[in-house]
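[1] Here is the input, now give the coordinates:
(2 chains)
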Amino acid sequence: MRLNSFKYLVKQGFSGLWFNRVNSFASLCVMTISLLMVGISVLVSFNVTKMIGAIESRNEVIVVIKDGTPENNITLLGSQLSSNPNVFEVNYYSRDEALAGMQEGMTEDEKSLFQFMSENPLPDCYRIRVSDIDKLSDTVNQIQQLEFVEQVQSPNDFANILTSIRNVSAILFSAVTLSLIIVCFVIISNSTRASVYARRREISIMRYVGASKSFVEIPFFVEGLVIGVVSAAIAFGLTWFAYSEIFSMFTTDMNMLSIFGLTAIIPFESIAVRIAIAYVLVGIILSAVGTVISTRKHLKA
Amino acid sequence: MVEFRNVSYTYPNGQHALSHVNLKIEDNEFAFVVGANGAGKSTLIKLILRELNATEGEVIVNGFNLSKMKQRKIPKLRRTIGVVFQDFRLIPNMTVYDNVAFALRVIDAPTKYIRSRVPYVISLVGLTAKAKSYPNDLSGGEQQRVALARALVNDPQLIIADEPTGNVDPARSFEIVDLLKAINECGTTVMMVTHQHELVRYFGGRIININTGAIVFDEIIAGSAALDDETEGGE
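    Below you'll find the predicted structure:
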């Protein structure tokens, strides 16, 4: 195709957008919302995964050893714990260390109460860390079966909540995104039909004088492409703004910091390129491909 | 060249539009196609343009066998045909020049060629002075001449004029046919569908009459214009 023809077709695409501006605007809005939903779901899933990772790496399961367990059995229990595939760190914490730890941060008065105790009431224990929080309850059950284990204390509830958030958000966003994609196709199809109708006279003449199929379709493809790219840019801008706000909230609020830590939220800069590429790709695929499919459908009629 | 070999066409609703039509229009010929509404004239044109595909028989146009033609080859066929409609089908927001140039632009013609060819064709139909006018500012006859220029600009081997004088006042109708005759004399085959019997009687030539899907008359008759010329010559 000649450069001049290409320019002409692109120009036709833009004039089609303007001529059909109400429908184009509707397509743009729906497309932007859809892209935002896709973006939000991806970002939420990235961050929830990261948070779970952060909590996983810090979370501790405390294995309380039965009172009076002989030294060699305690060692045996330690090696049994280490051999569990979901356990990546095992630390022995003796009753003396536990007591010292307990007294840490107490006032002198409070500490003085311990003078009257004849023996240390705290148990020996192992502090372990698990690598996969999803399997935490299974791991806890396995440990409970072991000999010399009095009790296992784990942050099971919190892990369960996080895992549920991750799963529910994945399902919810998939459903919302899928419905928006369907709405997108319907709106695009409608917009294309209006555009084909507005240019029906030209299209019929183009066919009679022997314009190739691509010549008839390219202006519509350009319309779709412009809508896709513009909505990707808007969605990217909105995401950037909203995400930066949320990021600063997470990194300045002490409560959030204490729960998730500084590294839990992914800085936008480190994922910006991936998000931009995803937006443009999804925008182009949804909009341009949708336009071409519906152009073919409406041009046949 | 247009050739119909035992062609029949039945619409999907079961209506038989053409049955066993045999027809041959040679290169450089001028033929009038006449017939009542619903006789099958439009189906004939649609078959030539490959908007429809014959249910039986073979249609050959400008060397293309349309019965075996693939969809993607249709634009190639149509570039050898110029079509003029009763309702002109001009694009209202384009000037005369742009309407004519449009037919070249959409077949990816070089800009240089468009710039030289379009003014030439506009001058052939006598509208140089109105090249910058919009279709709505022109009379019916002028609009049809623009449509004719658009059909001619691709330098087609065949021109199909589907009732080109239907929306033009009677005096201008003769001018349109005169123009088509002049185009024919330059070597282009012309097939003109019409309802206006006075035009046919006046110009004469090959007359093809279609009735209920069959050709009932296909002969060359002498037109009164020719007779007038002879009379004038005799005097």
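
[2] where's the most centrally placed residue in chain B relative to residue A:296, distance?
    The residue lying closest to the centre of chain B (CA atoms, centre = their mean) is residue B:160, at 1.8 Å. Relative to residue A:296, residue B:160 is positioned 27 Å away (CB to CB, to the nearest Å). Every residue, glycine included, has its C-beta placed from N, CA and C.

[3] One more: residue A:10?
    20 Å.

[4] Ok, residue B:65 next?
    Taking CB to CB, one finds residue B:65 at 26 Å from residue A:296.

[5] now residue A:40
    Distance from residue A:40 to residue A:296, by CB to CB: 32 Å.

[6] So between those two, which is more surrounded?
    Ranked by neighbour count (other CB atoms under 10 Å in any protein chain shown), residue A:40 and residue A:296 place residue A:40 first, with 19 against 13.

[7] The helix or strand containing the more buried one - contacts with which helices or strands?
    Assessed by DSSP states H and E, residue A:40 sits inside helix A:21-58. Packing contacts for helix A:21-58, counted by 3 or more CB pairs under 8 Å, 6 or more residues apart in numbering or on different chains; DSSP states H and E, involve strand A:125-130, helix A:156-198, helix A:213-252, helix A:254-260, helix A:268-284.

[8] try it again with 7 Å
    Other helices and strands packing on helix A:21-58, by 3 or more CB pairs under 7 Å, 6 or more residues apart in numbering or on different chains; DSSP states H and E, are helix A:156-198, helix A:213-252, helix A:268-284.

[9] That one vs helix A:156-198, what angle?
    160 degrees (axes from the mean of the first three to the mean of the last three CA atoms, to 10 degrees).

[10] Quick one: mean pLDDT over helix A:21-58.
    What helix A:21-58 shows for mean pLDDT is 79.

[11] Please work out the angle formed by the directions of that helix and helix A:268-284.
    Using the same axes, to 10 degrees: helix A:21-58 against helix A:268-284 is 140 degrees.

[12] List the buried residues for helix A:21-58?
    The neighbour-count criterion (16 or more other CB atoms under 10 Å in any protein chain shown) identifies A:23-24, A:26-28, A:30-44, A:47-48, A:51-52, A:54-56 as the buried residues of helix A:21-58.

[13] returning to that earlier point: and the helix or strand hosting the residue nearest to the centre of chain B, is it in reach of chain A?
    For residue B:160, the host element (DSSP H and E) is strand B:158-162. No - against chain A, strand B:158-162 shows no contacts by CB under 7 Å from any CB of the partner chain, the least distance being 9.5 Å.

[14] That strand - contacts with which helices or strands?
    Going by 3+ CB pairs under 7 Å, 6+ apart, strand B:158-162 lies up against helix B:41-48, strand B:81-84, helix B:170-185, strand B:189-193.

[15] The next helix-or-strand element following the shortest one vs helix A:213-252, what angle?
    The reference is to strand B:81-84. Later in the chain than strand B:81-84, the nearest helix or strand by DSSP H and E is helix B:96-105. Angle, helix B:96-105 to helix A:213-252, by the same axes, to 10 degrees: 90 degrees.

[16] if we can go back for a sec, redo the helices and strands packed on strand B:158-162 as a markdown table? Include distance to chain A and mean neighbour count.
    Shown next, in a markdown table, are those (distance: least, CB to the nearest CB, whole Å; neighbours: other CB atoms under 10 Å in any protein chain shown):
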| stretch | distance to chain A | mean neighbour count |
| --- | --- | --- |
| helix B:41-48 | 11 | 22 |
| strand B:81-84 | 5 | 26 |
| helix B:170-185 | 16 | 17 |
| strand B:189-193 | 15 | 24 |
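
[17] which of the ones you listed has the lowest average pLDDT?
    helix B:170-185 (a mean of 89).

[18] between that one and strand B:158-162, how many degrees?
    Using the same axes, to 10 degrees, helix B:170-185 lies at 160 degrees relative to strand B:158-162.

[19] report the angle between the axes of helix B:170-185 and strand B:189-193?
    150 degrees.

[20] Helix B:170-185 - contacts with which helices or strands?
    Counting by 3+ CB pairs under 7 Å, 6+ apart, helix B:170-185 packs on helix B:140-152, strand B:158-162, strand B:189-193, helix B:197-203.

[21] now with 8 Å?
    strand B:30-34, helix B:140-152, strand B:158-162, strand B:189-193, helix B:197-203.

[22] Which one of those lies nearest to residue A:281?
    helix B:140-152 (41.6 Å; CB to CB).

[23] Quick one: mean pLDDT over that closest one.
    On average, helix B:140-152 scores 93.

[24] between that helix and strand B:158-162, what angle do the directions make?
    Going by the same axes, to 10 degrees, helix B:140-152 makes 150 degrees with strand B:158-162.

[25] Run through who's touching helix B:140-152.
    For helix B:140-152, the surrounding residues in contact (CB atoms under 8 Å, 6 or more residues apart in numbering or on different chains) are A:205, A:209, B:82-85, B:88-90, B:96, B:99-100, B:102-103, B:121-122, B:124-127, B:130, B:135, B:138, B:159, B:161, B:164-165, B:167-169, B:172, B:175-176, B:179-180, B:183, B:188.

[26] One more: stretch B:111-122?
    A:2, A:4, B:96-97, B:100-101, B:104-105, B:109, B:128, B:131, B:149, B:152-153.

[27] does residue B:139 really touch residue B:172, like I thought?
    Yes - assessed by CB atoms under 8 Å, residue B:139 is found in contact with residue B:172 at 7.4 Å.

[28] Quick one: mean pLDDT over stretch A:209-216.
    Here the average pLDDT along stretch A:209-216 is 85.

[29] Can you name the residues of chain B sitting close to chain A?
    B:49, B:72, B:74-83, B:89, B:91, B:102-103, B:105-108, B:110-111, B:150, B:154 (CB under 8 Å from any CB of the partner chain).

[30] Would you list the buried entries among those?
    Judged by 16+ other CB under 10 Å, buried ones among those: B:49, B:74-75, B:77-83, B:89, B:91, B:102-103, B:105-108, B:150, B:154.

[31] Can you pull up the most central residue in chain A?
    residue A:45 (1.7 Å).

[32] Now do the contacts for that one.
    A:166, A:169, A:170, A:173.

[33] ditto for residue B:156
    Contact analysis of residue B:156 by CB under 8 Å, 6+ apart lists B:79, B:80, B:81, B:82, B:188.
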